[in-house]
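[1] what follows is a predicted structure for the sequence shown.
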Amino acid sequence: MQLFSAISTLLLASSVSSVFGSGVRGESLEKGQERKLGLRNGNVNDNSINRGQWRNPSDTNEKDGYVPITIGSSFGDKGSNPTEDAQLKDHLKELEADNNELTSRVSNLEDANAQLKSEMEDAEKSFRREGRKRKNNKNNKNNEQGNGQFPPPGNEFRAPAQGDIRSPCPAINTLANHGFINRDGKGILVGDLAQALEDIYRVRGETLIDGPIESAISLGLTVNDNGDDFLTIDQLFQNRDSRPDGSEAQEHDSSFFREDSDTGDDRLPSSNLIDDFFDFNGRAIMIPDEVMDYQRGRIQDSCARHETDSPTTTRRYTGGHRGGMAIQGALLFALGQSQGPNFNHITKSNLRSIVESETLPGNYDPTDQQLFPFDDNSQSDALRDAFRANVDKAICDFCPADLEFSCDVVAIE
């Protein structure tokens, strides 16, 4: 009987150790949450398990015959299997490697798709450009067969009708008045605008697309429809004051033929400024130095007036503004049908017809006009660079300091 009791005691002790963990007086098989189990006289008393109570084993009152036992975070935890854990980790690594490979493939496909989309857009634009060239070549051939009549039938001058809109640029307005672009001035495909400027004024279209047209697109002045950018030309009037977010735009003050925006009278060409320009000398032609002298004086008068009339506002000329002012000066020689290999003079009467009446002069013939490519080291590029230096120098000499433009970088002679 005593032998049976001893065997029973050993089996019970083994069961407790297997289920709850072994150890007494704070000894533990695992690090984990601690709970109290009650043992009285070596027997498990289910009613003595303090479930949910968290106490330090040293706080146990041993006078009651309770002995502290530490167990894991859950009953019946048989522990982990090292082999199964290793297999699980290896499987997780394989899944992670597969995920990384799929992610890389998706990224490569996205890049390839973007490249293909870009190539398709370029091909489509090239196709349209070639189509416009074929159309223009056909028109030119028809003009030759019609004894060189220019403008051709259908492109006669018509003043803007009610509801038509115009831009701050007299050259663009002239194209609309003659129907070389949409006569109402709305929804003009920017490629068509560049092609018309090249066909009529002999300014290379690619230069315009990469310069002022690209700037208009980046400034949000155009509307994109299925990959094509369209311009409604009065958007070119937008300036810093008229934009909802106060950001910069292409339009600037100190224009050749229009008043400044803060005068409230900048929508139509100024007859006073036009007279000042064409009366600058007493001859029928103007040379580049004379046009630059006039522009320099225009900037001086504009900044002086602004400082007097609007002292609380800051006049700014961004890099885009100064570049635009420079190319506008150079383009006057295209509009005025510059003569000579070095663009050495313009005919004032031809230029006046475009900037004042916004119509082509009666003797205008694009085939007699030399191309303005603005390629590096070309004469037209040198002319633009000379106007840029002139503009920068005038702004530094006559206008309040612009924190975004350092006159230290301007070569002032």
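    Received the coordinates, thanks. Numbering: from 1, shown residues only.

[2] distance-wise, check Glu307 relative to Arg315.
    To Arg315, Glu307 is 8 Å away according to C-beta to C-beta, to the nearest Å. Every C-beta, even on glycine, is put in place using the N, C-alpha and C of the backbone.

[3] neighbour-wise, which of these two wins?
    Neighbour totals were compared for Glu307 and Arg315, and Arg315 leads with 18 against 14 (other C-beta atoms under 10 Å).

[4] doesn't His321 make contact with the more buried one?
    No - using C-beta atoms under 8 Å, Arg315 is not in contact with His321, being 10.3 Å away.

[5] low-confidence ranges in the chain?
    1-80, 124-148, 239-251, 264, 314, 338-343, 401-406, 408-413 (pLDDT under 70).

[6] how does it look with 50?
    Under the criterion pLDDT under 50, the flagged ranges of the chain are 2-55, 57, 60, 62-77, 142-146, 242-246, 411-413.

[7] now the common contact residues for Glu307 and Arg315.
    Contact with both Glu307 and Arg315 is made by residues Pro400, according to C-beta atoms under 8 Å, 6 or more residues apart in numbering.

[8] quick one: the strands in the stretch 101-250 of the chain?
    188-189, 222-225, 228-231 (DSSP state E, counting those that start in this stretch).

[9] and the second one, which strands flank it?
    Here strand 222-225 has these sheet partners by DSSP bridges: strand 228-231 (antiparallel).

[10] which secondary structure elements does the following helix or strand past the partner strand contact?
    With elements assigned by DSSP states H and E, the helix or strand that comes after strand 228-231 is helix 271-278. Other elements packing on helix 271-278 under the criterion 3 or more C-beta pairs under 8 Å, 6 or more residues apart in numbering; DSSP states H and E are helix 288-309, helix 348-357.

[11] and with 7 Å instead?
    Packing contacts for helix 271-278, counted by 3 or more C-beta pairs under 7 Å, 6 or more residues apart in numbering; DSSP states H and E, involve helix 348-357.

[12] just the angle for the helix it packs on relative to helix 271-278, thanks.
    For helix 348-357 against helix 271-278, the angle by axes from the mean of the first three to the mean of the last three C-alpha atoms, to 10 degrees is 170 degrees.

[13] so for helix 348-357, what gets flagged as buried?
    Buried residues in helix 348-357, counting neighbours by 16 or more other C-beta atoms under 10 Å, are found at Lys348, Asn350, Leu351, Arg352, Ser353, Ile354, Val355, Glu356.

[14] which member of those residues is positioned nearest Met325?
    Taking C-beta to C-beta as the measure, Met325 lies nearest Val355 of these, at 15.3 Å.

[15] tell me the contacts of that closest one?
    Under the criterion of C-beta atoms under 7 Å, 6 or more residues apart in numbering, the neighbours of Val355 are Pro170, Phe257, Pro269, Ile274.

[16] report the separation between the last one and Leu268.
    What it means is Ile274. Look at Ile274 and Leu268: by C-beta to C-beta, they are 11 Å apart.

[17] again, but for the second one
    The span separating Phe257 from Leu268 equals 10 Å under the rule C-beta to C-beta.

[18] just want to know which of those two has more residues nearby.
    Set side by side, Phe257 and Leu268 show more neighbours around Phe257, with 20 against 11, by other C-beta under 10 Å.

[19] ranges for the helices of this protein?
    For the chain, the helices defined by DSSP state H cover 2-20, 82-145, 170-177, 190-201, 205-208, 214-218, 271-278, 288-309, 319-335, 348-357, 379-398.

[20] tell me what the fourth one is packed against?
    The helices and strands touching helix 190-201, judged by 3+ C-beta pairs under 7 Å, 6+ apart, are helix 82-145, helix 170-177, helix 205-208, strand 228-231.
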